[in-house]
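**Q** heads up, no residue letters with this:
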């Protein structure tokens, strides 16, 4: 796996351009969902760092109170088959509406068909619970950074094959 240079050596504008390139690999529908969900999460979590991984299986933007992935609150996870909202510690979150999918020991997710999904009150409750249960609190008055953490040279296609 090829890892990009640390965020401190890359300007914010360069990171934004690189992120736009990652998102541009997706079909127009998934790219639009990723961009719109990102806007909502940036507004909801302005002090969170965005940790970006363009890996083999998934493209991920994690929202973290620090620069450590283990402090991630929620992530946008995308592949050719769609976009999800992943909760790093989702297995321990209260889920009275049974929205969370997955059976792993830690991570849970919901599928995001459009930005309307993330603005539903029950999804906002999950995000609020994930923030509350986070080990390191979000900073009150700083703006989060965009940090490109890793880019895999080999990746699965980001668009479905058209037959």
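**A** Received, thanks. All values derive from a computational prediction rather than experimental measurement.

**Q** helices and strands around the longest helix along the chain, which ones?
**A** Longest helix in the chain by number of residues, with DSSP state H as the criterion: helix 28-44. On a contact count with 3 or more C-beta pairs under 8 Å, 6 or more residues apart in numbering; DSSP states H and E, helix 28-44 meets helix 12-24, strand 59-64, strand 72-79, strand 82-87, helix 115-118. All C-beta atoms are positioned from the backbone trio N, CA, C, and that covers glycine.

**Q** and it with strand 72-79, angle?
**A** Per axes from the mean of the first three to the mean of the last three C-alpha atoms, to 10 degrees, the angle that helix 28-44 makes with strand 72-79 is 170 degrees.

**Q** weakest of the helices and strands packed on helix 28-44 by average pLDDT?
**A** Lowest mean pLDDT within the helices and strands packed on helix 28-44: helix 12-24, a mean of 90.

**Q** Show me what that helix is packed up against.
**A** Packing partners of helix 12-24 (3+ C-beta pairs under 8 Å, 6+ apart): helix 28-44, strand 49-54, strand 59-64, strand 146-151.

**Q** Of these, which is nearest residue 114?
**A** Nearest to residue 114 among those is helix 28-44; the distance by C-beta to C-beta comes to 6.3 Å.

**Q** Pull the distance from that closest one to the chain's centre.
**A** 10 Å (C-alpha atoms, centre = their mean, to the nearest Å).

**Q** Same check on stretch 67-85?
**A** Centroid separation between stretch 67-85 and its chain, computed with C-alpha atoms, centre = their mean, is 3 Å.

**Q** Compute the first-to-last residue distance for that stretch.
**A** One end of stretch 67-85 sits 19 Å from the other (C-alpha to C-alpha, to the nearest Å).

**Q** Now do the buried residues in that stretch.
**A** The neighbour-count check on stretch 67-85 (16 or more other C-beta atoms under 10 Å) flags 71-79, 83-85 as buried.

**Q** now do stretch 136-154
**A** By 16+ other C-beta under 10 Å, the buried positions in stretch 136-154 come out as 138, 144, 146-149, 151.
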